[in-house]
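J.: Quick one: sequence plus predicted model below, questions after.
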Amino acid sequence: ETGVTQTPRHLVMGMTNKKSLKCEQHLGHNAMYWYKQSAKKPLELMFVYNFKEQTENNSVPSRFSPECPNSSHLFLHLHTLQPEDSALYLCASSQGTGQNTEAFFGQGTRLTVV
Amino acid sequence: DAKTTQPTSMDCAEGRAANLPCNHSTISGNEYVYWYRQIHSQGPQYIIHGLKNNETNEMASLIITEDRKSSTLILPHATLRDTAVYYCIVRVANIDMRFGAGTRLTVKP
């Protein structure tokens, strides 16, 4: 238990569906992140939020839409996804985005697009 | 471009020390060395980090060479549950945290 909770753990969706991934952290952290991990590939940073403001968008397609209503919650809204978007989506949080702060990860949402 | 080089895989006998090397020859003065591990299909788990000095916590020890161009993560008494992919990352800030392929450590009975 890392203090970062992701729901759902598994999700299967069709290419025309709209779904959302949720992340909640109970660590009092100010920064939250979305990562994508495709099969046989390294983790890829997608988005960074610091104090609810988006500070990084790593050239992510617009079919992925993040939302950070407060420092404890982070969402990833999904629409018209492609099968190649199937992956493990990981949320992380840290106390700030600085150099001497470790990030804690959730267990991830395993997404399958059919 | 993960800035680090790690062996693809390593084996270790249960109960023995596991020494995982990492080369980071282009590290700059303000970059920290972080280690995470990922057990199959779970989120990465933070292990330890350091800047210049050697560090130890309840999970592991981190030995950084004096020139900071390489480091070694030491798991003093490896167990079967330590089987995972271990990532060495050098970074200035969390937004710069890029994961490479890591080292797949297999602890054998």
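T.: Nice, I can see it.

J.: What number of residues are in the vicinity of the residue lying closest to B:R104 once chain neighbours are set aside?
T.: Excluding the flanking residues, the one nearest B:R104 by C-beta to C-beta, 6 or more residues apart in numbering or on different chains is B:S9, at 4.4 Å. In short, each C-beta sits where N, CA and C put it, glycine included. B:S9 has 11 neighbours, counted by other C-beta atoms under 10 Å in any protein chain shown.

J.: ok, now A:S62?
T.: 7.

J.: How about the residue of chain B found nearest chain A, nearest residue that isn't a chain neighbour?
T.: For chain B and chain A, the shortest gap (C-beta to the nearest C-beta) falls at B:G43, measuring 3.4 Å. Leaving out its chain neighbours, the residue that sits closest to B:G43 by C-beta to C-beta, 6+ apart is A:F105, at 3.4 Å.

J.: next one: A:C23
T.: A:C91 (3.4 Å).

J.: what do you get for A:G3?
T.: Excluding its sequence neighbours, the residue lying closest to A:G3 (C-beta to C-beta, 6+ apart) is A:L27, at 4.3 Å.

J.: Torsion angles phi and psi at that neighbour?
T.: Here is the backbone geometry of A:L27 (degrees, to the nearest 10): phi -110, psi 0.

J.: again, but for B:S41
T.: The phi/psi pair for B:S41 (degrees, to the nearest 10) reads phi 60, psi 20.

J.: residues touching it, list them.
T.: For B:S41, the contacting residues are A:88, A:108, A:110, by C-beta atoms under 8 Å, 6 or more residues apart in numbering or on different chains.

J.: Let me know the pLDDT of residue 3.
T.: I'll assume chain A. Per-residue pLDDT puts A:G3 at 94.

J.: Chain B, not that one
T.: pLDDT for B:K3: 85.
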